[in-house]
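Trainee: Sequence and predicted structure are below.
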Number of protein chains: 2
Amino acid sequence: MSDKTTASQAERKRGEGVKFVYDILRDDILDLVLPPGSPIDEVQLAERLSMSRTPIREALVRLAGEGLVTTLPNRSTVVSNIDFLNLHTFFDAMTLMYRVTTRLAAQFRTDADLVAIRARQADFAHAVEAHDALAMIATNRDFHARIAEAGRNPYYTGLFCRLLDEGRRILRIYYSSFDDRLPRRYVIEHEDIIAAIEARDVEAADRLASAHADQIVRQIQDLIARDRRQQITL
Amino acid sequence: MSDKTTASQAERKRGEGVKFVYDILRDDILDLVLPPGSPIDEVQLAERLSMSRTPIREALVRLAGEGLVTTLPNRSTVVSNIDFLNLHTFFDAMTLMYRVTTRLAAQFRTDADLVAIRARQADFAHAVEAHDALAMIATNRDFHARIAEAGRNPYYTGLFCRLLDEGRRILRIYYSSFDDRLPRRYVIEHEDIIAAIEARDVEAADRLASAHADQIVRQIQDLIARDRRQQITL
DNA sequence: TCAAATTTTCTTGTCGACAAATAAAATACA
DNA sequence: TGTATTTTATTTGTCGACAAGAAAATTTGA
């Protein structure tokens, strides 16, 4: 389990209990520390975090609302499965949100947005140079989430972040197969997107985001196909 | 408050408590029985529904996840406000989801979907004939939600339903101003959309959904403008 | 030996109670 | 009279406990 759990022994402030459990579980689910299908035992969690079951249940309700966890009535709650059969719906929504949020960012971004976006891009470039696949996944997510924020449509941002998180989970499965050639292309594509947003060029932003999304979708599909071949050869 | 609350005296089955409160609160919020800003007293609710605070809190957490309720730490939870200043983000997302879901429905619908969609349209037409504005809002929502389901992308369906619900709240404010000429146009537009979905004509479905969305957005904007003028004359 | 029925164990959903945090009321002070 | 401070009251967040359901284990019967 996550290392943070051991630090939980320290006394927590009142009203932060739910958020505390929520964050731990969420991280563990997205990092696949808790892989899909893992049962979540309330009692066990309660004594490990040295708190009552009440805040844990509320955190679980919240996670269930985001689809990260599935609650079977009167039976255990488990980490939601990844629906590999219908991944195309995920890719479709992902691509659309990439486009829409980047468009809006080009339209509504402020200078402060640009600064923040560039900071995330720096983090991403750093992760790529360090060949740290996990950090790449996380920083890429933050980069695009920040662009979405600059677009200032909370409905899109909400769905997009959910999709990015789900993507984090999917990529995490195949992260071992990463090579270092493709990511460099991503860095350049990010730079192009930033340039379009800075120039307030909506159409260019749309085109670039679309291409970028296709790129990512293709990579994931390649990783899945490669993985499938490996499983067959074994 | 909702009439259903009185029926709550009857004994409920174990495991349905949360859903019970959730449904009641959700309906009351969307029907503006609980207008934006209304405080929600856990204790009061608990004794009114004759149950403990635990399931009520869990229902509130769920509602907070959907943005229908806002929880101020250590203070009361209130019904979320409608952000009239940023309604354009709502309209934008709404229009996009209308288009995307209708497109996908034209692409993936089954015959069973068509039957179900037609049934919803019948309900809608009935509500229009009866000049029942509230029923119109509800049946219109169900009609489009069913189309979204036929599109088979749960990410889109999820966001779309949220938007439709929020729209239900907004329309509810102005429902008194409805006239009976516009709705008939809606019925015809619905029929056209159904025809496009049946013919699997993706482009036509997109075009019609787009026009339909614009129509609805324009109507809401008109209602708001009219309301504003009335407020000034008063 | 295997299947059906029964018992046991375990987990969840709900409850009532308590303490911290905040809001409201009351008091003191200028 | 109006403002600052203390006191009271209300409401939330958390806790431990209990009972209903479901799964696992056991027994019974063929």
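Mentor: On my side now, so go ahead.

Trainee: contacts, neighbours, all on C-alpha from now
Mentor: Fine.

Trainee: list the helices and strands the helix or strand hosting A:Leu134 packs on?
Mentor: If you go by DSSP states H and E, A:Leu134 is part of helix A:133-151. Judged by 3 or more CA pairs under 8 Å, 6 or more residues apart in numbering or on different chains; DSSP states H and E, helix A:133-151 is in contact with helix A:87-108, helix A:111-129, helix A:154-174.

Trainee: Of all these, which one comes closest to DNA strand C?
Mentor: helix A:154-174 (23.0 Å; CA to the nearest atom of the strand).

Trainee: any residues touching the helix or strand just after that closest one, and which ones?
Mentor: Downstream of helix A:154-174, the next assigned helix or strand under DSSP H and E is helix A:181-198. With CA atoms under 8 Å, 6 or more residues apart in numbering or on different chains as the contact definition, helix A:181-198 has outside contacts at A:102-103, A:105-107, A:109, A:114, A:117-118, A:121, A:124-125, A:128, A:202, A:204-205, A:208-209, A:212.

Trainee: And helix A:181-198, what's buried?
Mentor: Of the residues in helix A:181-198, A:183, A:186-187, A:189-190, A:192-198 count as buried by neighbour count, 16 or more other CA atoms under 10 Å in any protein chain shown.

Trainee: With stretch A:55-67 instead?
Mentor: A:55-65.

Trainee: According to the record, where do the domains of chain A fall?
Mentor: Domains of chain A are assigned by automatic domain parsing as A:3-79, A:84-233.

Trainee: roughly how far out does the longest one sit from the chain middle?
Mentor: Read that as domain A:84-233. Counting by CA atoms, centre = their mean, to the nearest Å, domain A:84-233 is centred 10 Å from the centre of its parent chain.

Trainee: Give me the contacts around the helix holding A:Leu134.
Mentor: Residues contacting helix A:133-151 (CA under 8 Å, 6+ apart): A:98, A:101-110, A:113, A:116-117, A:120-121, A:123-124, A:127-128, A:156-157, A:160-161, A:164-165, A:168, A:171-172, A:175-176, A:178.

Trainee: and these, which are buried?
Mentor: The neighbour count (16+ other CA under 10 Å) marks A:98, A:101-109, A:113, A:117, A:120-121, A:123-124, A:127-128, A:156-157, A:160-161, A:164-165, A:168, A:171-172, A:175 as buried among those.

Trainee: Write out the residues of chain A neighbouring DNA strand C.
Mentor: Residues of chain A lying near DNA strand C by CA under 7 Å from any atom of the strand: A:13-14, A:40-43, A:53-54, A:71-77.

Trainee: Kindly give a single PyMOL line that selects the buried subset of those.
Mentor: To isolate the buried ones among the residues of chain A next to DNA strand C in PyMOL, judged by 16+ other CA under 10 Å, type:
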select buried, chain A and resi 40+42+53+54+71+77
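
Trainee: now, which of the residues of chain A next to DNA strand C lie close to chain B?
Mentor: Near chain B, judged by CA under 8 Å from any CA of the partner chain, the entries from these are A:54, A:73-74.

Trainee: pLDDT on stretch A:110-124, on average?
Mentor: In this model, stretch A:110-124 has a mean pLDDT of 97.

Trainee: same deal with stretch A:184-203?
Mentor: 95.

Trainee: Kindly report the same for stretch A:62-81.
Mentor: 94.

Trainee: Quickly find the element holding A:Arg14.
Mentor: Here A:Arg14 is assigned to no helix or strand, by DSSP H and E.

Trainee: In terms of pLDDT, where does it sit?
Mentor: Model confidence at A:Arg14, given as pLDDT, is 83.

Trainee: Ok, A:Phe178 next?
Mentor: On the pLDDT scale, A:Phe178 gets 57.

Trainee: Then A:Arg181?
Mentor: At A:Arg181, the pLDDT value in this model is 61.
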